[in-house]
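> Below are the sequence and a predicted model; questions follow.
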Amino acid sequence: MRYLITGGAGFIGSHLAHALVGAGHLVTAIDDLSTGRMENLHELADDTNFELVVETITNSAVMDQLVSECDLIVHLAAAVGVELILSSPVHTIETNVLGTETVLRTARRHHKKTLIASTSEIYGKLNNVPFSEEDDSLIGATTHHRWAYATSKALDEFLALAYHKEMGLPVVIFRLFNTIGPRQRGRYGMVVPRFVRQALSGADITVYGDGKQSRCFCDVRDVVPAIIELAAEPRAEGRVFNVGKQVEIAILDLAHKVKEMTGSQSAIILVPYEQATEQGFEDMHRRVPDISRIRELLGWEPRITLERSIDDIITQLKKEGPGESISERPVSERVVVG
């Protein structure tokens, strides 16, 4: 089978490409390399079952050719990461909405099954965890750019399900919760690699807010099999699935765990949201998925521990050395907590 992966040079896309090629499939990845990296795919560079096309997914002519040649599409290309979303809301909305529209329109023309990556951000400011796929969404005001990503992905979901209902396009939507693992970058605000790089360099480990907000971190090597199994399951078509882990950890506790696992002497610093991001920033206090739907359909359960994920990220970043810088706004007010 030939898969087309949009965003195939990115964190999740590259892991998916490696898994599919390793299973004997043909893979074409398309990525404009705005956030994806060639280094993520270096092991596939000479593999005849893999091809990388460096282009934007909004190029309709290129997408038409690639979709016509594939059997199935996994649409992962998106503008992600809090820092990128806050600094470039126009890019976020246009990339996510126009890109998905191009993918769906082209998929419909050639009638190709399409998997759409969505996000736990869809649930917005809800507090009734765990979040079920049928729960309402509570998105913040449009004057807060922080919600541009959630809104754009909600529109992606509506559009994909409309294509399925009205035009019979086989689509599957998977909502990713916090996904971590090797190859993830801290550049756009991804918290675990940011903490690890800060700890390894001896810089302050900066925790935004009071650190009591919690997340459930699922390893990408658990997420990829879920995507592959959803692609192969006809009963998944026209449905939405949460993909994530149900074990919570407070972000302040995560910072302490990273400090301990790296043996770092870094201080742990609390930074007010308005200094770290933007005035009036609204965070989701908890994000816990209800995964009963995917468990019942596929028997899928995440198995990799948070400690193993962090340890593998530490190993990777030690090997890479100082690497990329992590942008931090000047902080005038901070509290040392560890």
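Received, thanks. Numbering: from 1, shown residues only.

> going forward, measure contacts and count neighbours with C-alpha atoms only.
OK.

> quick one: low-confidence parts of the stretch 151-300 of the chain?
Along the stretch 151-300 of the chain, the parts satisfying pLDDT under 70 run over 187-189, 276-280.

> And the strands in the stretch 51-200 of the chain, which stretches?
Along the stretch 51-200 of the chain, the segments classed as strands by DSSP state E, counting those that start in this stretch run 72-75, 113-119, 171-176, 179-180.

> of all these, which lies closest to L16?
Closest approach to L16 among these (Cα to Cα): strand 72-75, 9.4 Å.

> Direction included, what does the closest one pair against?
Partners of strand 72-75 in the sheet, by DSSP bridges, are strand 2-6 (parallel), strand 113-119 (parallel).

> R235: neighbour count?
R235 has 11 neighbours, counted by other Cα atoms under 10 Å.

> could you measure the nearest residue to Q265 once chain neighbours are set aside against A19, distance?
Of all residues not flanking Q265 in the chain, G202 sits nearest, at 6.3 Å (Cα to Cα, 6 or more residues apart in numbering). Computed as Cα to Cα, to the nearest Å, the G202 to A19 distance reads 35 Å.

> same thing with L169?
26 Å.

> Check K112 too.
For K112 relative to A19 (Cα to Cα), the value is 21 Å.

> between those two, who's got more neighbours?
With other Cα under 10 Å as the criterion, K112 and A19 differ in neighbour count, and K112 comes out ahead with 20 against 16.

> For that one, which residues are in contact?
Listed by Cα atoms under 8 Å, 6 or more residues apart in numbering, the contact set of K112 reads V67, C70, D71, L72, I73, L169, P170.

> I'd assumed I116 was in contact with the fourth one.
When you say that, I think you mean L72. No. Judged on Cα atoms under 8 Å, L72 makes no contact with I116 at a distance of 11.3 Å.

> Tell me which of the contacts of K112 fall in helices.
Judged by DSSP state H, the contacts of K112 include V67 as members of helices.

> can the contacts of K112 go into JSON lines with extra columns for distance to I268 and neighbour count?
Shown next, in JSON lines, are these (distance: Cα to Cα, whole Å; neighbours: other Cα atoms under 10 Å):
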{"residue": "V67", "distance to I268": "48", "neighbour count": "22"}
{"residue": "C70", "distance to I268": "48", "neighbour count": "20"}
{"residue": "D71", "distance to I268": "49", "neighbour count": "17"}
{"residue": "L72", "distance to I268": "45", "neighbour count": "23"}
{"residue": "I73", "distance to I268": "42", "neighbour count": "25"}
{"residue": "L169", "distance to I268": "49", "neighbour count": "24"}
{"residue": "P170", "distance to I268": "48", "neighbour count": "23"}
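
> Return the member of the contacts of K112 nearest to V27.
Taking Cα to Cα as the measure, C70 is the one of the contacts of K112 closest to V27, at 8.5 Å.

> Assess the claim that that closest one and H25 are in contact.
No. If you go by Cα under 8 Å, C70 and H25 don't touch, sitting 11.1 Å apart.

> Could you chop the protein up by domain?
2-180+218-243, 191-215+247-285+304-336 (automatic domain parsing).

> Do me a favour and get the end-to-end distance for the shortest one?
What it means is domain 191-215+247-285+304-336. As for domain 191-215+247-285+304-336, its first-to-last residue distance stands at 18 Å under the measure Cα to Cα.

> now swap in the longest one and tell me
As for domain 2-180+218-243, its first-to-last residue distance stands at 24 Å under the measure Cα to Cα.

> Any idea how far that domain is from the middle of the chain?
Centre-to-centre, domain 2-180+218-243 and its host chain are 9 Å apart (Cα atoms, centre = their mean, to the nearest Å).

> For this structure, which segments count as helices?
Assigned helices in the chain, in chain order: 11-22, 60-69, 82-87, 89-93, 99-110, 148-167, 191-201, 220-232, 251-262, 273-276, 292-298, 306-320 (criterion: DSSP H).
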